[in-house]
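>>> Here's a sequence, model it:
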Amino acid sequence: MKEKIAGIHLSSRTKMIALLVMAAILLILPVTSISRYTLHIIVLCFIYTCLTLSLNLIIGWSGQFSLGHVTFYGMGAYITTLLVMNAGLNFFVATIISVVLVAIFSMILCFPTLNLRGDYLAVVTLGFGEVFRLFITNAVNLTRGPMGIPGIPAPTFFGITISGTEAFYYIIFALMVIFILFMIRLNNSGFGLAMLTVKEDDIAAISLGISPVKYKMWAFVIGGGMAALMGSFYAVYLGTIGPTSFVYNESIKMVSMVVLGGMGSVPGSVIGAFLLTALPEMLRQFSDYRMILYGAAMAIMMIFRPNGIWGIDKRVRNEYKIKAMRGVKNGKSSAS
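As a prediction, this is how the structure comes out:
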């Protein structure tokens, strides 16, 4: 038993060292001779990691198949931009207002969809995404329509202007770390386990005194707020936004990241986001075939790794509780 515990402890320490080394490499990258384009791709990896984590909360933890996550992302970007440019608010104040408004909207959106499952929920959320895209495309007086909103001012913090790829690299990297730590804490909490119970079986959850409505609603509220926060920083990072940045393909891309990395998995969200952001750029030299290679890679993964690269099946902490939810004891069916 002592050897087993020691082995687990050593494994955990090794993982921690590996994470610290990776974090150190990411921290020093901007001061190396790395190209600005590569740095920009890494920043996009950070952004999509945060978005994947927020969507995984909805799909992987509460079991709601949403195809409209880009709506929350786009709303965060547009509300913050309009408050900064038209109302003259400070970026950080505008961002807080944007996150609150989007969280409220996501809660309102959640209510009529609570009894929907699978394809039906996917169609409804996809429809909301298209309504949002059509609105920002046609509301020319407010959003400038297809022309988009250029010249978004750089945010200021106590008189210091935040601009440049390097500055946003560190800010968005810090946000990604905060998101990861938050999701790890949620993953190992009673709240997260209750969400997993709701995902597995609504009836079983009710019998345990867990309200599916409550946890499904909180998944949408928290996930929507997280996406809105990233939309706000995406807008000021690029300095311009437009309807083409928030098309339904973006939602499909986020869902692909969740599925490829692993539903209900924090490491899986990071892996999926980095792979599906960087891989298309790496295959750009094969422009005539890269989408075929991309699709083939996804199909192969779904055949041989249906749980994703790092799915919930790799979860160690509280694993016995998850197995108990599925009526499994010691990794074997109770009926066997």
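
>>> in the stretch 101-250 of the chain, which spans are helices?
For the stretch 101-250 of the chain, the helices defined by DSSP state H, counting those that start in this stretch cover 118-138, 140-143, 165-187, 190-200, 202-207, 212-238, 248-261.

>>> Averaged pLDDT, the last one. What do you get?
Per-residue pLDDT values across helix 248-261 average out to 87.

>>> which strands and helices sit next to it?
Judged by 3 or more Cβ pairs under 8 Å, 6 or more residues apart in numbering; DSSP states H and E, helix 248-261 is in contact with helix 36-56, helix 69-86, helix 118-138, helix 266-282, helix 290-304. Yep, even glycine has a C-beta here, placed from its N, CA and C like the rest.

>>> can you state the direction angle for it and helix 212-238?
110 degrees (axes from the mean of the first three to the mean of the last three Cα atoms, to 10 degrees).

>>> and the angle from helix 248-261 to helix 290-304?
Going by the same axes, to 10 degrees, helix 248-261 makes 40 degrees with helix 290-304.

>>> cool, the fourth one as well?
Angle, helix 190-200 to helix 290-304, by the same axes, to 10 degrees: 90 degrees.

>>> again with the first one
Between helix 118-138 and helix 290-304, the angle comes out at 150 degrees (the same axes, to 10 degrees).

>>> Packing partners of helix 118-138?
Applying 3+ Cβ pairs under 8 Å, 6+ apart, one finds that helix 118-138 makes contact with helix 69-86, helix 248-261.

>>> Columns mean neighbour count and distance to Trp61 on top of the ones you listed, output as TSV?
TSV is the format used below for these (neighbours: other Cβ atoms under 10 Å; distance: least, Cβ to Cβ, whole Å):
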stretch	mean neighbour count	distance to Trp61
helix 69-86	25	14
helix 248-261	21	11
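
>>> So for Met22, which of these sits nearest?
Nearest to Met22 among the helices and strands packed on helix 118-138 is helix 248-261 (16.2 Å), distances taken as Cβ to Cβ.

>>> C-alpha coordinates for that closest one, CSV please?
C-alpha atoms of helix 248-261 as CSV (Å, rounded to 0.1, in the frame of the first residue of the first chain):
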residue,chain,number,x,y,z
TYR,A,248,-22.1,29.3,-36.6
ASN,A,249,-18.9,27.6,-37.8
GLU,A,250,-17.3,29.0,-34.6
SER,A,251,-19.7,27.1,-32.5
ILE,A,252,-19.0,24.0,-34.4
LYS,A,253,-15.3,24.5,-33.9
MET,A,254,-15.7,24.9,-30.2
VAL,A,255,-17.9,21.8,-30.0
SER,A,256,-15.2,19.9,-32.0
MET,A,257,-12.6,21.0,-29.5
VAL,A,258,-14.7,19.7,-26.6
VAL,A,259,-15.4,16.4,-28.2
LEU,A,260,-11.8,15.9,-29.5
GLY,A,261,-10.2,16.8,-26.2
